[in-house]
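J.: Need a 3D model of the following:
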Amino acid sequence: MFNGIEYTDDLLPSNTSGFYSHYNIDNASDTYLVVKFDVTNYMSSDRDCENFVGITALYLDKYTYTGFVVVEDDDGKGFSSYENISPLSTRHFYYLIEVPKTVVENDVTLTISFNGKEYTYTGK
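T.: Below you'll find the model as predicted:
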């Protein structure tokens, strides 16, 4: 399930009480475009989170960016980019794409590869 997009300089987990991990942007002139999904593994075996979805972001019809996926931990206190998703389990996926802050006010066209099919989303 596609849950939308957002821009952030620091991706925080849903549970920030006590110790937690997060993704903070290193370059002050950039930000993360975060594409959010809830994904259920309907395969009969575990599947690596990196194999569920691929995304390309296009701005102004000429600037292309790619990123990486992280999955929120079951306890909501952090993220993992190397996790196997068990059959019939649903997890919160975040696809992080580092983009210059100068493109944020423009529409983005996302090409989303999921389950052997491509989908397109355009918006801010």
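J.: residues contacting the residue lying closest to Val103 once chain neighbours are set aside?
T.: In this structure, Val103 finds its nearest non-sequential neighbour in Tyr59, 4.4 Å apart by C-beta to C-beta, 6 or more residues apart in numbering. Backbone N, C-alpha and C define where each C-beta goes, glycine included. Shown in contact with Tyr59 (C-beta atoms under 8 Å, 6 or more residues apart in numbering): Tyr65, Val99, Val103, Asn106, Asp107, Val108, Thr109.
J.: Tell me how far Tyr59 lies from Val53.
T.: 20 Å (C-beta to C-beta, to the nearest Å).
J.: Could you do Thr16 as well?
T.: With C-beta to C-beta as the criterion, Thr16 and Val53 are 25 Å apart.
J.: again, but for Val35
T.: Counting by C-beta to C-beta, the separation of Val35 from Val53 is 8 Å.
J.: Give the intersection of the neighbour lists for the two.
T.: Common neighbours of Val35 and Val53, using C-beta under 8 Å, 6+ apart, are Tyr95, Ile112.
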